[in-house]
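J.: Sequence first, then the predicted structure, then my questions.
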Amino acid sequence: TRADEDATFNSIKGFIDKYNAAIEVINKKISEPKYKGYKPLLDEEKEALGEKTAEKMDGMAKSGILLRDPILTSAL
């Protein structure tokens, strides 16, 4: 019936949309720049800095962790 066809189509489309989103996230992570010299902040350092500054520095410290990761690259 038409309802079954629509449900099947929507199910497949939903899967493909989620698959494409996952591929996009992985691609971003394996090509994300690495900022050398930035280490994760200690709690005391986070308190001393403003919230936005601490978030930015934390983000830079975490950036590039998966840069050119061989497992993710081969999975793609």
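T.: Alright, I've got the coordinates. The structure presented is a predicted model; accordingly, all values stated were derived computationally and were not measured.
J.: what's the neighbour count on Glu24?
T.: 10 (other C-beta atoms under 10 Å). Where C-beta positions appear, they are placed from N, C-alpha and C, glycine not excepted.
J.: Which elements pack onto the helix or strand containing it?
T.: Per DSSP states H and E: Glu24 is located in helix 2-30. Contacts defined by 3 or more C-beta pairs under 8 Å, 6 or more residues apart in numbering; DSSP states H and E place helix 2-30 against helix 70-75.
J.: With just CA atoms, put the helix it packs on into CSV.
T.: Extracted C-alpha coordinates of helix 70-75, given in CSV (Å, rounded to 0.1, in the frame of the first residue of the first chain):
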residue,chain,number,x,y,z
PRO,A,70,44.1,6.1,10.8
ILE,A,71,41.1,4.1,12.1
LEU,A,72,38.6,6.8,11.3
THR,A,73,40.3,7.6,7.9
SER,A,74,40.2,3.9,6.9
ALA,A,75,36.6,3.6,8.1
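J.: Point out the other helices and strands that it packs with.
T.: Judged by 3+ C-beta pairs under 8 Å, 6+ apart, helix 70-75 is in contact with helix 2-30.
J.: list the buried ones in the helix or strand just after the helix it packs on?
T.: Of the helices and strands lying after helix 2-30 in sequence (DSSP H and E), the nearest is helix 43-48. For helix 43-48, a neighbour-count test (16 or more other C-beta atoms under 10 Å) marks Lys46 as buried.
J.: Quick check: which helices or strands does the helix or strand following helix 43-48 pack against?
T.: Per DSSP H and E, the first helix or strand lying C-terminal to helix 43-48 is helix 51-62. On a contact count with 3+ C-beta pairs under 8 Å, 6+ apart, helix 51-62 meets helix 43-48.
J.: what comes into contact with the helix it packs on?
T.: For helix 43-48, the external contacting residues (C-beta atoms under 8 Å, 6 or more residues apart in numbering) are 54, 58.
J.: Dump that helix to CSV, restricted to CA.
T.: Provided in CSV are the C-alpha atoms of helix 43-48 (Å, rounded to 0.1, in the frame of the first residue of the first chain):
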residue,chain,number,x,y,z
ASP,A,43,39.8,23.8,37.6
GLU,A,44,41.7,26.7,39.2
GLU,A,45,42.7,28.1,35.8
LYS,A,46,39.1,27.9,34.6
GLU,A,47,37.9,29.8,37.6
ALA,A,48,40.6,32.5,37.1
